[in-house]
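Participant: how would this look folded up:
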Amino acid sequence: MPRMEKAEYDRLIEDEHICRIAFKGDRHPYIAPFLYVFDGRFMYFLSTRYGKKVQYFRDNPMVVVEVERYSPDLSHFSFVALPGRLVEVVDPGVKSRVRTMFIDLIKKKGLSQNVLSALGYSPGEPVESLESEERNSVWKLESVRVDEILGLKSQE
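Facilitator: The predicted structure is shown next:
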């Protein structure tokens, strides 16, 4: 399979909004889906404050984030795997900016209110609750080395 160039996998990350994060689990890797935003440099995630992923993150923040895109018949596909380290964002200004990015993403993509339940909120709440109430943590992917990124695509 052909490898993707940096510009190609950057575009894939910019265009998509759902990924999978692989954590080091107890006995097996633990993989969880996440909604994410990308500011052109870093990927950010909102994580509920409960569940196995939180403990796995605290035990070992080294993860692999995978983003993919494919056509329904799989004639075209691409994916990128980004090994790195998750860190919890504590800066109030950065957290506010990221939460606003999530609100904008949900509105721009026309996502269902049901997505709020994956972020620790009730689907009946306004999406702006993401900004005004911190019921989740903001995580950032960093320490990604370009030489460790794997981006592959189907034949053209």
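Participant: mind telling me what element G25 is part of?
Facilitator: Using DSSP states H and E, no element contains G25; it sits outside every helix and strand.
Participant: okay, the residue lying closest to it once chain neighbours are set aside: pLDDT?
Facilitator: Closest residue in space to G25, ignoring its immediate chain neighbours: Y56 at 6.1 Å, by C-beta to C-beta, 6 or more residues apart in numbering. C-beta: built from backbone N, CA, C; applies to glycine. What the model reports as pLDDT for Y56 is 97.
Participant: was I right about Y56 contacting R27?
Facilitator: No. The criterion here is C-beta atoms under 8 Å, and Y56 misses it with R27 at 11.8 Å.
Participant: mean pLDDT per helix and strand in the protein: which one sits at the bottom?
Facilitator: The helix or strand of the chain with the poorest confidence is helix 129-132; it has a mean of 90 (mean pLDDT, DSSP states H and E).
Participant: residues touching that one, excluding its own?
Facilitator: By C-beta atoms under 8 Å, 6 or more residues apart in numbering, the residues outside helix 129-132 that reach it are L46, S96, R99, T100, F102, I103, L116, L119, Y121.
Participant: mind checking which of these land in helices?
Facilitator: Residues of the contacts of helix 129-132 located in helices (DSSP state H): S96, R99, T100, F102, I103.
Participant: which one of these sits closest to S154?
Facilitator: Using C-beta to C-beta, F102 comes nearest to S154 of those, at 30.4 Å.
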